[in-house]
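Student: what's the 3D shape of this:
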Amino acid sequence: MHPALSVIFFTTISGAGYGLAFLLALGLGDPSATSTKLAWFVALAMIALGLAFSTLHLGNPQRAWRAFSQWRSSWLSREGCMAIITFVPLVALAAMSLFGDSYSLILGLIAAACCAFTVYCTAMIYASLRTVATWHTPLTAACYLAFSLSLGLLIYLGFFTGTSGGNSGLTLAAIIALFCAWAVKYFWARRAGDIGYGESTMESATGLGHIGKVKLLERPHSMGNYLTNEMGFRIARKHNEMLWKITVLIGLFLPAVLLAFALALPGASVVFAALAAQCHLAGVFVERWLFFANAKHAVGLYYGGEDGLAPAE
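Tutor: This next block holds a predicted model:
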C-alpha cells in the first residue's frame, strides 16, 4: 500500500510519546526533579503532535469528530476515543509533577494501562484488516507495543541518565527492549514474506476458480488508477532489501552500540543515550514506512497480483 507520511509520523511519534508517558506514569522518575517535569512535557507534546499528524491524511479533517461515534465496531474510532481519554490521567499526573512535586500510584497505573491500550488500538486498525494478510496477525500489535516501549525507554534514558554515574540498570533494560522489539519484528517480517496475499487467490478474487486457473492476459487499462497506485504500491526488491538493512542498522545496531558506550563511559552516558534514542526513532520511522509499502491488499488480485499492479518505485 502507498505509505502516507502523515500516518507514518502519527504511528511513530505518538507511539514514542505513549512509551515515554507509560514509564513516567509508572513512577520512574522523581516528580520533583526538573528532568521529570521536562520529560512529561515532551511526552505529552509528542502524543499531541502524533495525533495532529493523524488528521492530515483525512479527506475532510473538519469531519474527524464523526470517527468517535463508531467505537463499538471500529478500531480507528476506539483509538481516537482512547487518545482523548488517556490525556485525562496523563495531564493530571503531569500537573501533579509540575505544580505539586507529587505522584499518585493509582492514577499512574490507570494512565499506564490507558497508554498501552491506546497503542494497541492503533495497531489493531491495521491488524484487523483481513484484506491485508501481512497485517492480519497478533504480531502486528506486538510490534507496535514493543517499539513503543523501546522508544520510550531510550527517550527516558536521554532525560534520566546522569553525567555523574548513569543508570546501568535502565540502560541494560533498554538494550534488552531493543533486541526484543526487533526480534518480534523479525518474526513478523518472516511471516509477511511467506504469506503474500494469504488465503486469497486470483481465482477466489474473480470468482472464476470453478472454471480453472485464472491468468491475466492484459492489463485492464493502460495507466494506473487509484486502486493500483494506492492499494498496489510496491517497491523494487533491491530497494526493499537496502532499506531493511538501513533500518536494522540505524534502528538496532547503532543504538545498541551507543548504549554500550553509555555503560562503559558513564561520564558521557547522557550524550550516548540521546544519540541512541535519535537513531532508534529514525530506524522505526523507516520500519514503519516499509510496514505500509510492503503490504499487499487483496484488491491487487483483481489486477493479476504483482504483475498487473503499478510499476515498482
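Student: residue 289: what's it in contact with?
Tutor: If you count contacts by C-beta atoms under 8 Å, 6 or more residues apart in numbering, residue 289 has them with 3, 8, 243. Backbone N, C-alpha and C define where each C-beta goes, glycine included.
Student: redo those as TSV? Include neighbour count, secondary structure and pLDDT.
Tutor: Putting these into TSV (neighbours: other C-beta atoms under 10 Å; DSSP: H, G, I helix; E, B strand; the rest coil; pLDDT from 0 to 100) gives the following:
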residue	neighbour count	secondary structure	pLDDT
3	16	coil	78
8	22	helix	93
243	17	helix	89
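Student: which one of these is nearest to residue 299?
Tutor: Among the contacts of residue 289, residue 3 lies closest to residue 299 (C-beta to C-beta), at 16.7 Å.
Student: apart from its chain neighbours, what residue comes closest to the closest one?
Tutor: residue 292 (3.7 Å; C-beta to C-beta, 6 or more residues apart in numbering).
Student: ok, the one you found - how many residues close by?
Tutor: 19 (other C-beta atoms under 10 Å).
Student: I'd say it and residue 6 touch.
Tutor: No - assessed by C-beta atoms under 8 Å, residue 292 is found out of contact with residue 6, at 11.3 Å.
Student: picking up where we left off before, so how far is residue 132 from the residue nearest to residue 3?
Tutor: As for residue 292, its distance to residue 132 is 10 Å (criterion: C-beta to C-beta, to the nearest Å).
Student: repeat that for residue 57.
Tutor: 17 Å.
Student: if you count what's nearby, which of these two comes out ahead?
Tutor: residue 132 (22 against 14).
Student: and the more buried one, what does it touch?
Tutor: 1, 126, 295-298.
Student: and the furthest pair within the residues you listed?
Tutor: So, these by C-beta to C-beta: farthest apart are 126 and 298, at 14.2 Å.
Student: can you tell me how far the residue nearest to residue 3 sits from residue 12?
Tutor: 12 Å.
Student: repeat that for residue 262.
Tutor: As judged by C-beta to C-beta, residue 262 and residue 12 stand 23 Å apart.
Student: circling back: more crowded one of residue 126 and residue 298?
Tutor: Set residue 126 next to residue 298 and count neighbours by other C-beta under 10 Å: residue 126 wins out with 22 against 19.
Student: now do that one against residue 80, distance only.
Tutor: 15 Å.
Student: residue 281: which of the contacts of residue 289 is nearest?
Tutor: The closest of these to residue 281 turns out to be residue 8 (C-beta to C-beta; 11.9 Å).
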